[in-house]
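>>> Next one to model:
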Amino acid sequence: MTRLSVNINKLATLRNARGGNNPDVVRIALDIERYGAQGITVHPRPDERHIRRSDVHALKGSLTTEFNIEGYPSEDFIALVLEVRPAQVTLVPDPPGVLTSNAGWDTGLYKYHLTKVVHRFKEAGIRTSLFMGTDTELLAHAADTGTDRVELYTGPYAEQFGSDRQRAVEPFAIAATRTAELGLGLNAGHDLDLHNLAYFQQNVPHLLEVSIGHALICDALHFGLENAVALYLRELR
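Model (predicted):
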């Protein structure tokens, strides 16, 4: 079964909008684990507009499932990850002010820099993943960095799913096969939801983990958080 990691950034956005500590992101993250999710993902940004550095430390001391920290590999982000030592770090090419991740790495252009960063994390015993598109040449460059996994950016799949699901998923299936040939593990994330998740999981081989935040939290408003986690786990089965 493909594992579900729940991105809790939106919970922190809600908390920060009002101040105080409601909702308590650590307590709800523990609830999400209890409801069956196999991991928790956070993406701390420099302006701390959702997840704060203090959240990252508090979560590390509390979680019992896999902890995945996403972010752009600036020196302060690298220092935070090396201090916290999560199970996995996912490197994304987002500049500081971007609203959300919307593209994968150009690993041909940034191969030297990424290789150095990946090496630092692997020396610390942290599994590494690179946020990637479906270009098979760039996936080969990703393998050259020494990364353990790649996370396929599924925004284009979600965008095209409603009009032609088979055409939407095809480049991801090809990329997944190539990823396996390169000896890399495969994750995926961005805009996956209850409408498109099962088809993606059924048609993309070797999929180890999906990271889902925005859609799951939105669905929790309708179904409740426990039910929403259960519905996403059901889609992955």
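
>>> ok, now how distant is the most centrally placed residue in the chain from residue 144?
Note on the chain: the residue nearest the mean C-alpha position is residue 211, at 4.2 Å, using C-alpha atoms, centre = their mean. From residue 211 across to residue 144, the span is 24 Å (C-beta to C-beta, to the nearest Å). (Glycine included, C-beta is placed from N, CA and C.)

>>> got the contact list for the top helix by length along the chain?
Criterion DSSP state H: the longest helix present in the chain is helix 165-181. Outside helix 165-181, the residues within contact range by C-beta atoms under 8 Å, 6 or more residues apart in numbering are 132, 134-136, 139-140, 150, 152, 154, 156-161, 185-186, 188, 196, 199-200, 203-207.

>>> Strands of this protein, start to end?
Taking DSSP state E as the test, the strands found in the chain are 3-7, 39-42, 66-71, 88-91, 127-132, 149-153, 185-189, 207-212.

>>> Point out the most buried one among those.
strand 88-91 (a mean of 27; mean count of other C-beta atoms under 10 Å).

>>> For residue 29, which non-adjacent residue is spatially closest?
residue 40 (5.0 Å; C-beta to C-beta, 6 or more residues apart in numbering).

>>> Would you enumerate the residues in contact with that neighbour?
Here residue 40 is in contact with 5-6, 8, 29, 32-33, 59, 63, 65-68 (C-beta under 8 Å, 6+ apart).

>>> again with residue 150
Residue 150 neighbours (C-beta under 8 Å, 6+ apart): 129-132, 139, 142, 179, 184-187.

>>> Could you list the low-confidence segments of this protein?
The chain contains residues with pLDDT under 70 at 95-102.

>>> List the buried residues of stretch 30-49.
If you call a residue buried by 16 or more other C-beta atoms under 10 Å, then stretch 30-49 has these buried ones: 30, 32-33, 35, 37-45.

>>> Can you pick out the most distant pair from the residues you listed?
Greatest spatial distance among the buried residues of stretch 30-49 (C-beta to C-beta): 35 and 45, at 26.4 Å.

>>> Which parts of the protein are helices?
Taking DSSP H as the test, the helices found in the chain are 9-18, 25-34, 53-60, 75-84, 111-123, 136-144, 155-161, 165-181, 197-203, 214-223, 225-236.

>>> ok, the contacts of residue 40 vs residue 124, which is closest?
residue 67 (13.9 Å).

>>> May I have the residues that are in contact with that closest one?
39-40, 59-60, 84, 86-88 are the contacts of residue 67 under C-beta under 8 Å, 6+ apart.

>>> distance of it from residue 194?
25 Å.

>>> ok, which pair from the contacts of residue 67 is furthest apart?
39 and 84 (14.8 Å).
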